[in-house]
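task: produce atomic coordinates for the following.
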Amino acid sequence: MKSNKPSSGTSKPPSNSSARVNKSPKQQRKNQERHTPKDVDYKQSPAANATKKQSGDPKASAKPVKKSENPQGSAQGERIQKVLARGGVGSRREIERWIDEGRLKLNGEPVKLGDRLKAGDYLQLNERVVHWEKFAIQPTRVLLYHKPTGEVVTRRDPEGRPVVFTQLPSLTTARWISVGRLDINTSGLLLITNNGELANKLMHPSTQVQREYAVRILGEVSDATLERLKEGVELEDGKAKFDEIHFFGGEGANKWYNVIVSEGRNRLVRRLWESQEVVVSRLMRVRYGPVVLPERLKTCTFYELTDKELDLLFEFAGLERNEPVAVKVEPETRRVQNPRKR
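Prediction:
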């Protein structure tokens with residue numbers, strides 16, 4: 001990485017700034033005219049200037065470029081569903097449904113599809129104020145958190161159990177959103193992001209993102225049982241199955257399997273094994289979509305994806321990454337501050 005510091009011996013001492021600032025307006029205009037090329041008209045678009053140079057016609061004219069002609073100008077604002085989706089309030093499709101149902105109001109009036117949010121606008125959802133300003137465009141961040149057993153994926157727990165979100169770095173203009181959940185007895189990979197649209201896309205059933213788990217079970221499992229689990233079994237909330245099952249080793253009473261599912265139903269992996277009267281003694285998520293839990297990532301630590309890794313994740317989710325890029329040093333594995341002892 002190149003340093004921004006000037007090398008010793010070559011840098012010049014700063015000149016007297018007052019000598020530059022105190023020039024008279026007349027002197028400043030003369031300097032500007034002296035350094036401005038005569039054949040470039042800065043009131044015209046770059047394309048017009050290029051045409052003028054090529055043709056040699058000094059009188060060639062072009063329509064001036066107006067800032068108001070930019071449809072993406074900041075004065076236009078952003079679509080309401082885009083802003084709220086970015087903040088994790090809901091997916092764009094859900095928010096569009098809320099608009100049709102009249103659940104959103106903008107400055108006291110029902111929101112219509114196509115309405116945009118501008119500075120100072122007053123937004124309500126179900127008659128409650130939405131502080132949408134904190135969902136301003138910001139660089140997407142994604143953390144790979146190695147969740148231990150005993151932590152719950154929630155913001156507040158009435159039973160006082162340790163929660164995942166208190167273990168993460170603080171954000172100033174947004175909030176962390178977990179991509180799916182892991183129950184209190186399940187450890188492993190948990191994706192956490194500040195981009196609500198990305199989180200919704202990765203969790204939506206239509207995306208069918210694969211989740212891979214390492215499972216330790218007690219006792220032997222017959223081939224017939226494994227075949228039933230791959231073909232599908234009936235659970236209380238519908239039929240479910242493992243996409244793949246691979247024996248991973250083990251000695252004695254404990255055996256390890258790697259299983260893959262494409263659904264995010266609550267406790268799905270445990271319930272599938274339990275439907276065949278198989279006892280799961282340990283469960284750990286090792287992959288979510290294209291993201292694999294790094295072997296060196298210990299429990300209660302997180303790793304932040306680089307810009308290149310974020311580009312790949314956006315591409316996988318089918319989203320365009322049209323946002324400012326965060327300027328930061330190379331990411332590193334960090335341990336959370338004051339981790340709870342276990």
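
how about the strands of the stretch 51-200 of the chain, start to end?
78-79, 104-106, 109-110, 116-117, 123-125, 128-129, 142-147, 177-179, 187-193 (DSSP state E, counting those that start in this stretch).

worst mean pLDDT among these?
Out of these, strand 78-79 stands lowest, with a mean of 86 (criterion: mean pLDDT).

now do the same end-to-end measure for stretch 165-180.
Terminal residues of stretch 165-180 are spaced 14 Å apart (CA to CA, to the nearest Å).

list the buried residues for that stretch?
For stretch 165-180, a neighbour-count test (16 or more other CB atoms under 10 Å) marks 165, 167, 174, 176-180 as buried. For the C-beta atoms, the positions are set from N, CA and C on the backbone; glycine is no exception.

any idea how far it is from the chain center?
A distance of 11 Å separates the centroid of the chain from that of stretch 165-180, by CA atoms, centre = their mean, to the nearest Å.

now render the strands of the stretch 51-200 of the chain as a markdown table, adding distance to Thr154.
As requested, the strands of the stretch 51-200 of the chain are exported to a markdown table (distance: least, CB to CB, whole Å):
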| stretch | distance to Thr154 |
| --- | --- |
| strand 78-79 | 30 |
| strand 104-106 | 26 |
| strand 109-110 | 33 |
| strand 116-117 | 29 |
| strand 123-125 | 21 |
| strand 128-129 | 21 |
| strand 142-147 | 12 |
| strand 177-179 | 9 |
| strand 187-193 | 12 |
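
go through the ones you listed and name the closest to Val279.
Val279 lies closest to strand 187-193 among the strands of the stretch 51-200 of the chain, at 17.4 Å (CB to CB).

residue nearest the centroid of the protein?
Asn195 (3.5 Å; CA atoms, centre = their mean).

isn't that one up against Thr140?
Yes. With contact defined as CB atoms under 8 Å, Asn195 reaches Thr140; the gap is 4.3 Å.

avg pLDDT for the stretch of helix or strand Ile260 belongs to?
Assigned by DSSP states H and E, Ile260 falls within strand 254-261. The average pLDDT within strand 254-261 is 95.

what lines up beside it in the sheet?
Paired neighbours of strand 254-261 in the sheet (DSSP bridges): strand 211-218 (antiparallel), strand 244-249 (antiparallel).
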